[in-house]
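# I would like the atomic coordinates for the input below:
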Amino acid sequence: MTTERLTASPPTQPEADGKKPKARPRKARGTAAGAPRTARAPSPDKTRPQVIPPDPEQPPKPAPPKPDAASAEAPKAPKLDIEMLSKNIARMVEEGGKALAAYLKPREQGRIGADGSAEEIADVVRTLGHVLEYWLADPKRAIELQTSLGKAFLELWVAAVRRMIGEDAMPVVSPEPRDKRFTDPEWSSNQYFDFVKQAYLLTVKWADELVKNTKGLDPLTQQKAEFYVRQIGNAIAPSNFILTNPELLRETLASNADNLVRGMHNLAEDIAAGGGDLRIKQSDPSKFEVGRNLALTPGKVIYQNDLMQLIQYGSSTATVMQRPLLIVPPWINKFYILDLNPEKSFIKWCVDQGLTVFCISWVNPDSHLARKSFADYMREGPLAALDVIEKVTGKTKVNAIGYCVGGTLLSVTLAYMAEQHDHRIASATLFAAQVDFAFSGDLKVFAADEQQIEQVEREMAERGFLEGKKMANAFNLMRSNDLIWPYVINNYLKGKSPFPFDLLYWNSDATRMPAANHSFYLRNCYFENKLTKGEMEVAGVRLDLKNVTVPIYNLATREDHIAPAKSVFVGSSFFGGPVKFVLAGSGHIAGVVNPPQFHKYQFWTGPKPKGENLDGWIAKATEHPGSWWPNWIDWIKGHDAPMVAARVPGGGKLKPIEDAPGSYVKVRD
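Prediction:
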């Protein structure tokens with residue numbers, strides 16, 4: 001199969017029944033041997049076929065990469081088997097019926113009620129309506145709106161005509177270098193697909209500028225409009241449709257639509273697995289299991305309550321640092337992102353550096369825990385863990401780490417402990433954690449106003465918790481071109497199974513959130529930003545981060561879409577003690593989980609963080625190659641030099657309950 005043609009040419013018929021094939025048309029006179037033939041004027045002889053000239057300016061196109069090496073023969077144009085195509089279409093319709101049934105059945109049985117999608121669509125329409133209102137209210141602006149798009153398409157049409165007649169024509173617009181959607185050669189070599197691609201890119205660029213140039217919008221409405229336009233643009237990309245994606249079209253023709261049969265089967269399976277809602281597989285779930293090939297660092301669960309299990313990991317060195325290390329992971333995801341496998345495990349690395357590591361493993365809550373509040377998570381999480389650590393080690397001082405929302409909780413706990421004159425945390429490390437939410441990125445879109453929060457609260461009131469898939473969908477939407485649409489194409493249009501990848505398996509292992517806790521978090525952090533204003537109250541205590549005077553290692557990641565680097569940077573200024581701000585390369589996960597032996601990415605260290613000018617800080621900072629982990633352990637050692645004999649889980653004071661990683665982490669959504 002070549003990339004030059006996407007429709008099958010009729011095969012040459014062999015001689016049969018003694019009949020000779022028709023004679024080929026004669027060459028035009030005056031044509032040199034080997035020279036391309038030119039089309040002749042229509043001949044009076046209607047039976048003589050017209051000669052179609054090859055394009056002398058069009059270079060030969062390389063064959064597309066094969067998904068496997070099953071065939072070593074020269075690529076050929078796909079040939080349709082009409083009978084097989086018909087059968088596959090019938091099978092596809094049958095599988096489509098199964099997908100529809102999987103979607104409708106739980107709704108007919110009343111297991112799925114109103115999901116708030118109508119309100120979400122209404123918010124999209126309302127938000128984009130404000131944009132259109134600005135442009136259409138003034139006739140001059142309305143003409144400008146039409147002219148800008150018309151001019152762009154006129155340039156595209158002129159370039160297409162020039163290319164059609166054999167002239168060189170530079171692209172009017174090109175995808176970003178990091179855009180992986182248009183990497184197939186035919187997006188450029190085939191004029192049809194090149195035109196579709198450029199038309200799409202021009203339209204998306206126009207829509208984006210339309211929103212950004214709208215005046216009079218408040219910042220949150222502007223942010224929501226940009227987010228919604230980006231999602232619509234990502235959804236309508238030509239790469240997401242068979243007839244406008246050259247790779248998909250080749251595959252469909254070559255397999256006689258068998259890929260679509262498999263894809264529809266995958267779709268039915270994923271809707272059934274989601275209980276009536278689509279749960280897109282990002283990895284092959286059959287290849288992973290927590291405790292079998294994930295979360296393998298040896299340890300014991302030494303304590304548990306309604307909200308968490310506390311794991312103490314066994315020592316791998318003869319001596320350990322005097323102060324234990326407590327890790328407070330996010331409850332929105334599961335802790336084993338820090339213990340994926342021995343090569344990537346931050347927890348194992350810490351153990352090997354001579355740290356006594358304790359880690360909280362949060363429960364995956366159900367309706368019985370609906371009333372568990374943010375204060376309960378503080379009391380039954382880090383504060384309870386500190387009590388247990390003191391009991392089993394005899395130490396009243398610990399170093400603590402908080403990751404993402406776990407870092408927000410740790411910061412709240414530090415402020416609370418300061419008011420209570422509790423000094424058991426000697427130093428704190430924050431991984432991609434926000435305390436100020438003024439620059440909190442696209443997640444703020446989902447808690448931008450009272451109406452949105454009330455809608456979430458109504459949904460949570462029905463079950464007592466927010467379903468894990470809701471937060472998972474929100475996270476995926478922020479990078480939909482990486483976390484949604486590639487898997488729609490691979491799973492449902494190519495009909496393939498996703499590649500097994502531990503990180504994406506963890507990403508899909510979502511957790512629920514108790515209604516009371518999540519409502520407090522949305523209102524007090526994203527909506528009202530109370531913590532840095534000194535207005536947040538937890539357990540009856542008003543909090544002030546200026547009273548937090550312990551040394552803090554504050555890590556941000558440069559490409560973070562969940563806790564933007566600027567947001568983390570700004571938060572550094574609100575603490576009352578010394579803050580070391582470190583900026584790591586990559587994003588929210590890869591920037592944090594970056595083992596030194598892989599020599600990936602980089603990190604920056606620099607002056608004391610002040611104000612909102614992150615770019616100014618970067619300009620003065622020093623760039624270091626590789627992982628920030630060694631820099632952090634040196635910082636820890638600078639605050640905890642003494643060594644003591646290695647410790648065993650439980651310390652002889654508490655009987656281990658079960659082996660790590662425990663049972664709480666294994667409960668699926």
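# Quick check: bridge partners of the spatially closest residue to Val388 that is not a sequence neighbour?
In space, Val388 comes closest to Tyr303 once its chain neighbours are excluded; the distance is 4.7 Å by Cβ to Cβ, 6 or more residues apart in numbering. To be clear about C-beta, it is placed using only N, CA and C from the backbone, and glycine gets the same treatment. When assigned by DSSP bridges, Tyr303 has beta-bridge partners Leu310.
# What of Val398?
In beta-bridge terms (that is, DSSP bridges), Val398 pairs with Ile425.
# For it, which residues are in contact?
For Val398, the set of contacting residues under the criterion of Cβ atoms under 8 Å, 6 or more residues apart in numbering consists of 323-326, 358, 386, 389, 424-426.
# what about 10 Å?
323-326, 356, 358, 382, 385-386, 389-390, 424-428, 640 (Cβ atoms under 10 Å, 6 or more residues apart in numbering).
# Mind jotting down where the strands sit in the stretch 301-450 of the chain?
Remark: strands assigned in the stretch 301-450 of the chain by DSSP state E, counting those that start in this stretch are 308-313, 319-321, 325-328, 357-362, 398-403, 425-431.
# of all the ones you listed, which gets the most neighbours per residue?
Greatest average neighbour count among these goes to strand 325-328 (a mean of 28), per mean count of other Cβ atoms under 10 Å.
# quick one: strands adjacent to that one?
strand 357-362 (parallel), strand 398-403 (parallel).
# For Val172, find the nearest of those strands.
Go through the strands paired with strand 325-328 one by one with Cβ to Cβ and the one that ends up closest to Val172 is strand 398-403, at 44.6 Å.
# Would you mind getting the angle between the closest one and strand 425-431?
Taking axes from the mean of the first three to the mean of the last three Cα atoms, to 10 degrees, one finds strand 398-403 and strand 425-431 inclined to each other by 20 degrees.
# burial of Lys80, as a residue count?
Not Lys; residue 80 is Leu. By other Cβ atoms under 10 Å, 14 other residues sit near Leu80.
# got it, and Gly571?
Per other Cβ under 10 Å, the neighbour tally for Gly571 reads 30.
# Contact partners for it?
Contact criterion Cβ under 10 Å, 6+ apart gives 407-408, 411, 430, 433-439, 531-532, 545, 552, 554, 556, 563, 579, 581, 609 as the residues in contact with Gly571.
# One more pass at 6 Å, please.
If a contact means Cβ atoms under 6 Å, 6 or more residues apart in numbering, then Gly571 has 434-436 as its contacts.
# Tell me how far the closest residue to Lys653 other than its chain neighbours lies from Asp560.
Taking Cβ to Cβ, 6+ apart, and ignoring the residues beside it in sequence, Lys653 has Val392 as its nearest neighbour in space, at 4.9 Å. Relative to Asp560, Val392 is positioned 35 Å away (Cβ to Cβ, to the nearest Å).
# quick one, domains of the chain?
Annotated domains of the chain cover 86-273, 299-450+503-666 [automatic domain parsing].
# From start to finish, how long is the shortest one in a straight line?
With Cα to Cα, to the nearest Å as the measure, domain 86-273 spans 29 Å from end to end.
# Please work out the average pLDDT along it.
Averaging pLDDT along domain 86-273 yields 93.
# Same question for the last one.
In this model, domain 299-450+503-666 has a mean pLDDT of 96.
# Quick check: end-to-end length of it?
Looking at domain 299-450+503-666, the gap from its leading to its trailing residue is 16 Å under the measure Cα to Cα.
# Appreciated, that's everything.
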